[in-house]
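>>> what's the 3D shape of this:
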Amino acid sequence: MPPQPKSAHEEHAPLEHFFDESPRPSVSAVLGGLADLVGASLRRALDPRSTKLVISRGPIQEVGGVWYILDEDTAMEVLSNAHGRYSVRGYDQRASRSLGPFYLGYDRGPDYDAVGPVANELVTALSWEQGFRLALTAGREALAGREPGARPDPERVSHAALTAACREWYGLPDHGGRVIPGEPWSGSPLPRLLDTGPPQCPNDFVLLSAAIFFEDPILPVSLGGRGAGGRLRAALRRHVRGFRLGEMDLPGSIACELGRRIHDDEALASTLIGHVMGMVPTTKENFRAIVSAWRSHRAELGDEASLAAAMRARLAGGAAEEAAAKAVLVPAMTAAMLEDPTPVEVWRTVTVDHELRGRQLEEGDVVVIAIERIGHQAITPPPGCPARDPATLDVRPVFGGDREPRDGRPGQEHACPGREAAMGLLAGMAWAVLETLPE
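Modelled structure (predicted):
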């Protein structure tokens, strides 16, 4: 048994200790690569009921006792929750098994108001331009040493950009100069089910996220998520305790402000975890989907060569990189994200009997927003119609809607507050890859 720490600082140690790779052989190393949890095929396998959905049967369908929403307007109505009919309490029930208090699982009320507004405000304040410039700088550095003529590796760019974002905004992990330490990014977090060592990033965040946000995760994911949440909670509680005792700072611009404004240590630790958990798996996987779509040469999703040429033409005409990326890359990114979104679904619990689109929902029923199906409808034209113009597509289903009212309709109360920064990160990563392609 390791010696007991003598102080919060010693117990905390540098964060790289808690997010470090273990040099000893582990179950993770032996079983690594079993599957990519957030790969598209396995993500769909995690919810086999979704394969029984048929768009022609209507915007809301019941499969295996669960209601699926397949229509964007209906989905936004559920997510806006204007009449208080739907609850996110299921997220909190999942998270409480290991992570502790979790504001993303709170409905409107005193508990949510104690944390949610502050946490959302700080993330919302991050601009598209901040995300773009941070990711582009990190991506260029990651590709600077590649062999002449070698095809750029988008995964290196993704790792570098997300590492930079985590450190800049949350100070996790600190120092070390490595890709976010832990399991290989392409490896599966599933082997961590049997590993009780220190937490690893990003895989513990990925596993915890899947355990909370998939409506009915398979048993290994559910149990593994509990373990991941426990590991992360223990590490971040030590981190927060050292900060409260004045033995260390909370590095990272958002983490520092959260520490100043959230006074409950448990809530602060879980909020830090929740923010990183919300950013890393989703951004990584959406970037994978974007690059995959562009390399598939599907006209409606764009392709690398034409997008790179369009970017260069705008820059040659005097446009700033940010403006060129918004005009050229964002529409193509949006189409790719709607085709293969992360997350593929979110869910709510019905709190009162009511009718929705002619179907009778009862208290306790589960409603799943089938984001992937909604995205497919958005990019697939009706029979006999031309392909949709990517410039007319809206990425909001992938982010759970809009936080503010729009077109006379209420906003969606739990929509992602980091949408602008996330799209900026993705655009910066994309341009870092595309600008290296031969002209």
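>>> what about the longest helix in the chain?
When the chain is parsed with DSSP state H, its longest helix is helix 265-295.
>>> quick check: angle from the following helix or strand past that one to helix 265-295?
Using DSSP states H and E, the next helix or strand after helix 265-295 towards the C-terminus is helix 304-316. Using axes from the mean of the first three to the mean of the last three C-alpha atoms, to 10 degrees, the inter-axis angle of helix 304-316 relative to helix 265-295 is 100 degrees.
>>> Of all the residues in the longest helix of the chain, which ones are buried?
Within helix 265-295, the residues scored as buried using 16 or more other C-beta atoms under 10 Å are 265-291, 293-294. Backbone N, C-alpha and C define where each C-beta goes, glycine included.
>>> Tell me which residues touch Tyr439, please.
Wrong residue type there; residue 439 is Glu, not Tyr. 308-309, 312 (C-beta atoms under 8 Å, 6 or more residues apart in numbering).
>>> Let me know the closest of these to Phe399.
Ala308 (26.4 Å; C-beta to C-beta).
>>> residues in contact with the closest one?
434-435, 437, 439.
>>> Output these as a markdown table; include the columns distance to Gly84.
Putting the contacts of Ala308 into a markdown table (distance: C-beta to C-beta, whole Å) gives the following:
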| residue | distance to Gly84 |
| --- | --- |
| Leu434 | 46 |
| Glu435 | 48 |
| Leu437 | 51 |
| Glu439 | 56 |
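>>> What about those, which are in strands?
In strands, judged by DSSP state E, none of those are found.
>>> From the chain's centroid, how far away is stretch 372-388?
How far stretch 372-388 lies from its chain's middle: 24 Å, per C-alpha atoms, centre = their mean, to the nearest Å.
>>> Tell me which residues of that stretch come out buried.
Buried residues in stretch 372-388 (16+ other C-beta under 10 Å): 372-379, 388.
>>> ok so, going back, now pLDDT too, for the contacts of Glu439, in a markdown table please.
Formatted as a markdown table, the contacts of Glu439 follow (pLDDT from 0 to 100):
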| residue | pLDDT |
| --- | --- |
| Ala308 | 96 |
| Ala309 | 95 |
| Arg312 | 97 |
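>>> from these, which is closest to Gly149?
Among the contacts of Glu439, and counting by C-beta to C-beta, the member closest to Gly149 is Ala308, at 15.7 Å.
>>> where do the strands sit along the stretch 301-439 of the chain?
Taking DSSP state E, counting those that start in this stretch as the test, the strands found in the stretch 301-439 of the chain are 345-350, 354-356, 359-361, 366-370.
>>> what does the first one contact?
Strand 345-350 has contacts (C-beta under 8 Å, 6+ apart) with 47, 50, 78-79, 81, 85-90, 213-215, 361-372, 400.
>>> Does Glu339 touch Leu301 like I think?
Yes - under the criterion of C-beta atoms under 8 Å, Glu339 makes contact with Leu301 at 6.4 Å.
>>> Need the residues touching each of those two.
With C-beta under 8 Å, 6+ apart as the test, Glu339 and Leu301 both reach Ala293.
>>> Name the spans of the protein whose pLDDT lies under the cut-off.
1-56, 173-197, 247-249, 299-300 (pLDDT under 70).
>>> ok, now which ones touch the residue positioned nearest the centre of it?
Nearest residue to the geometric centre of the chain (C-alpha atoms, centre = their mean): Thr282, 2.6 Å. Thr282 sits next to 342-343, 422 when contact means C-beta under 8 Å, 6+ apart.
>>> if I look at it, how far off is Gly109?
26 Å (C-beta to C-beta, to the nearest Å).
>>> and stretch 419-437, how far from the chain's centre?
Worked out by C-alpha atoms, centre = their mean, stretch 419-437 lies 16 Å from the chain centre.
>>> do the same with stretch 305-319
29 Å.
>>> Likewise for stretch 207-217?
12 Å.
>>> One more: stretch 411-423?
Taking mean C-alpha positions (C-alpha atoms, centre = their mean), stretch 411-423 and its chain are 11 Å apart.
>>> got the CA positions of it in PDB?
Extracted in PDB, the C-alpha atoms of stretch 411-423 (Å, rounded to 0.1, in the frame of the first residue of the first chain):
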ATOM      1  CA  GLY A 411     -34.400  28.100 -26.300                       C
ATOM      2  CA  GLN A 412     -33.400  24.600 -25.200                       C
ATOM      3  CA  GLU A 413     -32.500  24.800 -21.500                       C
ATOM      4  CA  HIS A 414     -29.700  22.300 -21.600                       C
ATOM      5  CA  ALA A 415     -28.200  23.000 -25.000                       C
ATOM      6  CA  CYS A 416     -24.400  23.000 -25.100                       C
ATOM      7  CA  PRO A 417     -23.100  26.400 -24.000                       C
ATOM      8  CA  GLY A 418     -19.700  25.700 -25.800                       C
ATOM      9  CA  ARG A 419     -21.100  25.500 -29.300                       C
ATOM     10  CA  GLU A 420     -19.200  28.500 -30.600                       C
ATOM     11  CA  ALA A 421     -15.900  27.500 -29.100                       C
ATOM     12  CA  ALA A 422     -16.300  23.900 -30.300                       C
ATOM     13  CA  MET A 423     -17.100  24.900 -33.900                       C
END
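>>> Numbering from 161 from now on, please.
In the new count, where the first residue is 161, that last one comes out as stretch 571-583.
>>> buried stuff in that stretch?
Result for stretch 571-583 [16+ other C-beta under 10 Å]: buried residues 571-583.
>>> One more: stretch 269-286?
Buried-residue list, stretch 269-286, by 16+ other C-beta under 10 Å: 272, 274-276, 278-280, 282-284, 286.
>>> State the distance from the spatially closest residue to Arg268 that is not a sequence neighbour to Gly309.
Nearest residue to Arg268, sequence neighbours excluded (C-beta to C-beta, 6 or more residues apart in numbering): Glu573, at 6.8 Å. As for Glu573, its distance to Gly309 is 50 Å (criterion: C-beta to C-beta).
>>> And for Ala476?
23 Å.
>>> Looking at the two, which has the bigger crowd around it?
Applying other C-beta atoms under 10 Å to Ala476 and Gly309 shows that Ala476 carries more neighbours, namely 9 against 6.
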